[in-house]
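> okay, structure incoming, though there's no sequence with it:
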């Protein structure tokens, strides 16, 4: 994925998220206990980065090492790899995973609903 500043973001299998800027890579890992995390999908809008991993969506502002929130099974996410993320102009979040389910939050509720 390319952001509006021209950085290229790459999800990895076990090594977190890579950011390529001016021919230099920065590495961001979201799982501090294992120091490893797989990232299968990336979405960026208005300086907010949404990174889909194994049963998680990590949400950060400005830089990926500033994780401010995450969505998990507690929020209704399926227990599978998050392979696609999209946020509409109205703020609705759509999430896909590796078994072809689509999830989205119900209006006014912090819970993801599987459709």
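Arrived safely, thanks for sending. Just so it is clear, the structure is predicted and the values come from calculations on it, not from any experiment.
> how near is the residue nearest the centre of the chain to residue 80?
The centre of the chain sits closest to residue 51, judged by CA atoms, centre = their mean, with a distance of 1.7 Å. For residue 51, the distance to residue 80 equals 15 Å [CB to CB, to the nearest Å]. Glycine gets a C-beta too; all of them are placed from N, C-alpha and C.
> could you do residue 67 as well?
21 Å.
> returning to that earlier point: can you pull the contacts of the residue nearest to the centre of the chain?
By CB atoms under 8 Å, 6 or more residues apart in numbering, residue 51 lies in contact with 11, 17, 30, 39, 41-42, 57-58, 60, 64.
> which one of these has the most neighbours?
residue 39 (27 neighbours; other CB atoms under 10 Å).
> I'd say that residue and residue 52 touch.
Yes - using CB atoms under 8 Å, residue 39 is in contact with residue 52, at 6.8 Å.
> list the residues that contact both of the two?
Contacts common to residue 39 and residue 52, judged by CB under 8 Å, 6+ apart, are residue 11.
> and the gap between residue 83 and residue 25?
From residue 83 to residue 25 the distance is 23 Å (CB to CB).
> quick one: neighbours of the residue nearest to residue 87 when sequence neighbours are not counted, just the number.
Excluding the flanking residues, the one nearest residue 87 by CB to CB, 6 or more residues apart in numbering is residue 93, at 5.2 Å. Residues near residue 93, counting by other CB under 10 Å, number 17.
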